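Undergrad: Sequence and computational prediction follow.
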Amino acid sequence: MCGIVGYIGLPEKIAEHQALDVLLEGLRRLEYRGYDSAGVATVAGGTIEARKKSGKLANLIDEIEGAPLVPASLGIGHTRWATHGGPTDQNAHPHFGDDGRLAVIHNGIIENFAELKQKLSAAGHTFDSQTDTEVAAKLLGEAYQATGDLTEAMRQAVNELDGAFTLLAVHTEAPDRVVAARRNSPLVVGLGEGENFLGSDVSGFIDFTREAVELEQDQIVTITTGDVAIINFDGTPAEGKRFHINWDASAAEKGGYASFMEKEIHEQPKAVEDTLLGRTDASGKLTLDELRISPEELKRTSKIIVLACGTAAYAGTVAKYAIEHWTRIPVEVELAHEFRYRDPIIDETTLVVSISQSGETMDTLMAVRYAKEQGARTLSICNTNGSTIPRESDAVLYLHAGPEIAVASTKAFLAMITASYLLGLYLAQLRGQLFSGQISDILADLHKIPGKIQTILDGAEPIKALARGMAQTPSVLFLGRHVGFPVAMEGALKLKELAYIHAEGFAAGELKHGPIALIEEGQPVFVVVPSPRGRDSLHSKVVSNIQEVRARGAKTITVAEDGDDAVTEFSENVFFVPETQPLLMPLLTTVPLQIFACALATEKGYDVDQPRNLAKSVTVE
Ligand code: F6R
């Protein structure tokens, strides 16, 4: 949450791009991380110039157009997801210290800010905002006064802070550097020629360089025009890990679609294909070579715990059905933020699988750390290369789905499910639980999924038309069973977060235990119908559930497998998806629900890429 960028370049670079251009371009790409307010500060001619404005980045740009900044070759920029203090102009970053000579931006939460604020107030400081960030700015200002060195001042200041933070600072007396620190909050360095960059993630500088450096926890980095110097919080020197960014700026553009969300929905065939790519050897055997846990250790796995939040947790629930079925290893799925507060039973034969698109979700990161402390092996299923969760895990299975910019997850969800299937099959192969022929049959079916998603996308117009006609609907329910249950939950979540409509997903069997009381005349109910070719009883039970809600006035909209004529007579609308193995169906049945939510929200005139109150990367607990 919160996007941060920093830049410093040689003065002659100003002809190419001034600091402000770099900062605004970075903020544009990072806006998905928070869009309550935005701000920039540059240093030129011995003064700090800053502009900040509540609302989206566009408001800040208007503000700057009204009051232009003098050209500068270093600066910092911020886009905010509010934690301490509402989304006002005053609370927007940057915040200032050392009598306005120092500007600071921040991502995270400083937990001891109240105590520090009291001390600073007693020492005569006054505050213009309600933020925890301003406390860090004043503290850093004091440390600068004492040391006269911005890097050392940052080192002293961060050692007084508790919580999670990335801080970036510039000072009028240090116009040759931008100094940053990170603890439990993301920060990467971009390497240029005669210029260097800082960003919450690589999209903050992808337009300018594809060479980057990862930082570890509790490190401070000082960037100048020709150097990147890293130290630990205890002052010892450190080395960053250099990496090449293997996607280009166009991957983070809308490419002709009206929104990133639409683009990412349409990228799903490729996302699934890329997740599957290169996972087998010449003999067709699965080889997951990013798994740095030995086959012997994996074979000893007695229990799997999947940790994730939101959409990623629904992917984890799909994974549970498949992994248990294929490996006979018990799988628990737990919301990461609940996990460590319930004294979970873990030992070294427990495999903890975290699932996260961003790899930075604080709830998931904390749960993974806790699991490690308890002796578990940890494996991360993640989309973002080099992010914190995979870096801190024993093993990683990257999704390779490309950048996901829209705040609501779509292509990452399908890629997460695909990667979980690969993990399940790999474990089954290791433990001899499935014959190699069975594994290759499932893999062959998985390889056919991208084409089948494409078929759904090509025939999406009736779903969109239905959505457009339902813009005034106050509530929609979603039902599913077996792997259709997490799909129903995901369908409801997409509708809530994009269209701000009350939506609930239920296990269809649970309906009669209470939720059926919600059904009244005209209530729309989506039903994700299992394949009639799977367990017979499951399909017929869902058909009965459809009849039960219809008998009470519901308007039923079904998502069913091609040729499942049994549901047609009980459906107001039916959307068919191509046939596949019952366990693989979520990769298809989810897609109409995503399209529906996106089209309905668009019809209501909402911004589907940046829904209200949300942020893409939830880096606070
Ligand atoms: C919903 C959505 C969120 C995320 C959740 C976890 O559309 O995107 O529910 O799935 O915040 O995020 P990651 O996967 O980055 O850990």
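TA: Yep, that arrived. Residues are numbered from 1 along each chain as shown.

Undergrad: contacts and neighbour counts: CA atoms only from here.
TA: Fine.

Undergrad: now the closest residue to residue 334 other than its chain neighbours, what's its secondary structure?
TA: Using Cα to Cα, 6 or more residues apart in numbering and skipping residues adjacent in sequence, the residue nearest residue 334 is residue 307, 5.2 Å away. Three-state assignment for residue 307 (DSSP: H, G, I helix; E, B strand; the rest coil): strand.

Undergrad: could you list every residue that touches residue 307?
TA: With contact taken as Cα atoms under 8 Å, 6 or more residues apart in numbering, residue 307 is in contact with 313, 316, 333-336, 339, 352-355, 364, 367-368.

Undergrad: now the closest residue to residue 208 other than its chain neighbours: how far from the ligand?
TA: Closest residue to residue 208 apart from its sequence neighbours, by Cα to Cα, 6+ apart: residue 192 at 7.4 Å. Remark: distance between residue 192 and the ligand (Cα to the nearest ligand atom, to the nearest Å) = 28 Å.

Undergrad: give the contact list for residue 132.
TA: 84, 109, 110, 113, 114.

Undergrad: Now the buried members of the residues you listed.
TA: Using 16 or more other Cα atoms under 10 Å as the burial test, the contacts of residue 132 include 84, 109, 110, 113 as buried.

Undergrad: is it true that the second one lies in a strand?
TA: Yes. Remark: residue 109 belongs to a strand, assigned using three-state DSSP.

Undergrad: So it is in contact with residue 167, correct?
TA: No. Using Cα atoms under 8 Å as the test, residue 109 is too far from residue 167 to be in contact (10.7 Å).

Undergrad: how about the buried ones among the contacts of residue 132 in JSON lines, adding distance to residue 360 and pLDDT?
TA: JSON lines is the format used below for these (distance: Cα to Cα, whole Å; pLDDT from 0 to 100):
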{"residue": "84", "distance to residue 360": "20", "pLDDT": "83"}
{"residue": "109", "distance to residue 360": "14", "pLDDT": "87"}
{"residue": "110", "distance to residue 360": "17", "pLDDT": "91"}
{"residue": "113", "distance to residue 360": "23", "pLDDT": "90"}
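
Undergrad: now, among those, which is nearest to the ligand?
TA: residue 109 (17.3 Å; Cα to the nearest ligand atom).

Undergrad: so what's the closest residue to the ligand within the stretch 201-350 of the chain up against?
TA: Here the stretch 201-350 of the chain gets closest to the ligand at one residue, residue 310, 3.3 Å apart by Cα to the nearest ligand atom. The neighbourhood of residue 310, defined by Cα under 8 Å, 6+ apart, consists of residue 335.

Undergrad: For the ligand, tell me whether stretch 373-385 is touching it.
TA: No. Applying Cα under 6 Å from any ligand atom, one finds stretch 373-385 separated from the ligand by no less than 7.7 Å.

Undergrad: Show the end-to-end separation of that stretch, please.
TA: 24 Å (Cα to Cα, to the nearest Å).

Undergrad: List, one by one, the residues from the protein near the ligand.
TA: Within the chain, the residues that sit near the ligand (Cα under 6 Å from any ligand atom) are 309-312, 356-359, 361, 407-409, 617-618.

Undergrad: now, which of those residues lie within helices?
TA: Secondary structure from DSSP state H places 310, 311, 312 of the residues of the chain next to the ligand in helices.

Undergrad: Only C-alpha atoms, please: export the host helix or strand of residue 8 in PDB.
TA: Element membership for residue 8 (DSSP states H and E) is strand 3-9. What follows is strand 3-9 as a C-alpha-only set of coordinates in PDB (Å, rounded to 0.1, in the frame of the first residue of the first chain):
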ATOM      1  CA  GLY A   3       3.500   3.700  -3.900                       C
ATOM      2  CA  ILE A   4       6.900   5.400  -3.600                       C
ATOM      3  CA  VAL A   5       9.400   6.600  -6.100                       C
ATOM      4  CA  GLY A   6      12.800   8.300  -5.900                       C
ATOM      5  CA  TYR A   7      15.100   9.700  -8.500                       C
ATOM      6  CA  ILE A   8      18.500  11.300  -8.900                       C
ATOM      7  CA  GLY A   9      20.200  12.100 -12.300                       C
END
